[in-house]
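Chemist: Could you look at this predicted model? Sequence included:
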Amino acid sequence: MSVSCLQYPLTELMRLLAFEEAAEAREFCEHHGLTVTSDDGSLMIHMGKSGFVDPELAFPPHRAARLINSKQTASVGEVCWLFV
């Protein structure tokens with residue numbers, strides 16, 4: 001990889017974008033032209049201006065079951081209070 005390429009942990013991207021599976025996060029990166037490699041057992045995204053593409057077709061959405069289910073444990077009042 002070139003010096004102008006930033007390496008970023010795939011697990012951090014998963015946390016930021018609420019991906020539940022590493023495979024889905026990897027597919028998302030590859031859909032946008034980013035390379036994901038395994039460095040010392042951890043998956044790293046190689047980000048560079050030359051690698052990123054803005055695809056014509058959007059990445060197909062997937063149902064985030066754990067995220068959805070985690071939101072079902074609060075009452076309506078608790079959810080409304082969070083947005084006041």
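Modeler: Alright, I've got the coordinates.
Chemist: Tell me which stretches of this structure form strands.
Modeler: 6-9, 35-39, 42-47 (DSSP state E).
Chemist: which one of the ones you listed lies closest to Arg26?
Modeler: Closest to Arg26 of those, according to C-beta to C-beta: strand 35-39, at 4.8 Å. Backbone N, C-alpha and C define where each C-beta goes, glycine included.
Chemist: Now do the closest one, average pLDDT.
Modeler: Across strand 35-39, pLDDT averages out at 89.
Chemist: In its sheet, which strands sit next to it, and in what direction?
Modeler: When pairing is defined by DSSP bridges, strand 35-39 lines up against strand 42-47 (antiparallel).
Chemist: what mean pLDDT does the strand it pairs with have?
Modeler: The average pLDDT for strand 42-47 rounds to 92.
Chemist: buried residues in it?
Modeler: Judged by neighbour count (16 or more other C-beta atoms under 10 Å), strand 42-47 contains these buried residues: 43-47.
Chemist: out of those, which one sits closest to Arg66?
Modeler: For the buried residues of strand 42-47, the nearest to Arg66 is Leu43 (19.3 Å; C-beta to C-beta).
Chemist: Do you know the pLDDT at the nearest residue to that closest one once chain neighbours are set aside?
Modeler: For Leu43, ignoring the flanking residues on the chain, the nearest one in space by C-beta to C-beta, 6 or more residues apart in numbering is Leu10 at 3.9 Å. What the model reports as pLDDT for Leu10 is 96.
Chemist: Below-threshold pLDDT in the chain: ranges please.
Modeler: Residue ranges of the chain with pLDDT under 70: 1-3, 79, 81-84.
Chemist: quick one, the helix ranked longest in the chain and strand 35-39 angle?
Modeler: Ranked by number of residues, the top helix in the chain under DSSP state H is helix 22-31. The directions of helix 22-31 and strand 35-39 differ by 130 degrees, with axes from the mean of the first three to the mean of the last three C-alpha atoms, to 10 degrees as the criterion.
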